[in-house]
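**Q** no sequence on this one, just coordinates:
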């Protein structure tokens, strides 16, 4: 199906474990983004990518790693999960510098 | 320090009346503003935007107003419908940071039938 998808939709993991959240878009958009949504903070940018093999830090990058070897995929890895990383994670893509299109989100709980 | 603020966490409006959602910003480099709507368990969806060269943009029942001198924008929904009940986020893009958006904390709108 066309669009932007995220997997898994729900994930429970333990402190210290590595976890990877997947994001896939079928539009061939150049830009891709990862946000986290926390109560009272809205959406905060973690990392973004302007094209394959080009990534850059956003507002809250600590504890996260990204890669973008293919235009359509933008995985987000938590190298050693902490409880403070419990959040809802949204991936987004954009063809330009204007509006972004969001995936359905991944709810991550770190115990 | 939040550069984009939505000071009202929630708003309740009667069906058919006007809903006004407000957003304030501090960064004078912001030149493009967007509103997103978010339903539970879904990602945000783009609603309407406005460039800093304009002070108003309309799309059907939705109108966004921008007051650059006050660093304030607002979203008007007329008439409000129960299906408009959602969380609304305003976002802003600076003219020197490509496609990076800064979001406000969101306002939960409840439209009562």
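**A** Cool, the structure landed. Here the structure is a predicted model, which means the values were calculated and not measured.

**Q** Check which element follows the lowest-mean-pLDDT helix or strand in chain B along the chain.
**A** Sorting the helices and strands of chain B by mean pLDDT, DSSP states H and E puts strand B:102-103 at the bottom, at a mean of 93. Per DSSP states H and E, the first helix or strand lying C-terminal to strand B:102-103 is strand B:107-112.

**Q** what about that next one, average pLDDT?
**A** For strand B:107-112, the mean per-residue pLDDT is 97.

**Q** Name the spans of chain A whose pLDDT lies under the cut-off.
**A** Where chain A drops to pLDDT under 70, the residues are A:1-2.

**Q** could you point out the longest strand in it?
**A** Ranked by number of residues, the top strand in chain A under DSSP state E is strand A:42-51.

**Q** residue contacts, residue A:23?
**A** Contact analysis of residue A:23 by C-beta atoms under 8 Å, 6 or more residues apart in numbering or on different chains lists A:4-6, A:32, A:34, A:73-76, A:91, A:103. For glycine as for every other residue, the C-beta is placed from the backbone atoms N, C-alpha and C.

**Q** Next, work out how far apart it and residue A:84 are.
**A** Distance, residue A:23 to residue A:84, using C-beta to C-beta, to the nearest Å: 21 Å.

**Q** For the residue of chain A at minimum distance from chain B, give the beta-bridge partners.
**A** Chain B sits closest to residue A:102 of chain A, with a gap of 3.3 Å, by C-beta to the nearest C-beta. Beta-bridge partners of residue A:102, counted by DSSP bridges, are residue A:92.

**Q** what's around the nearest residue to residue A:32 once chain neighbours are set aside, how many residues?
**A** Using C-beta to C-beta, 6 or more residues apart in numbering or on different chains and skipping the chain neighbours, the partner closest in space to residue A:32 is residue A:74 (4.1 Å). Counted with other C-beta atoms under 10 Å in any protein chain shown, the neighbours of residue A:74 add up to 28.
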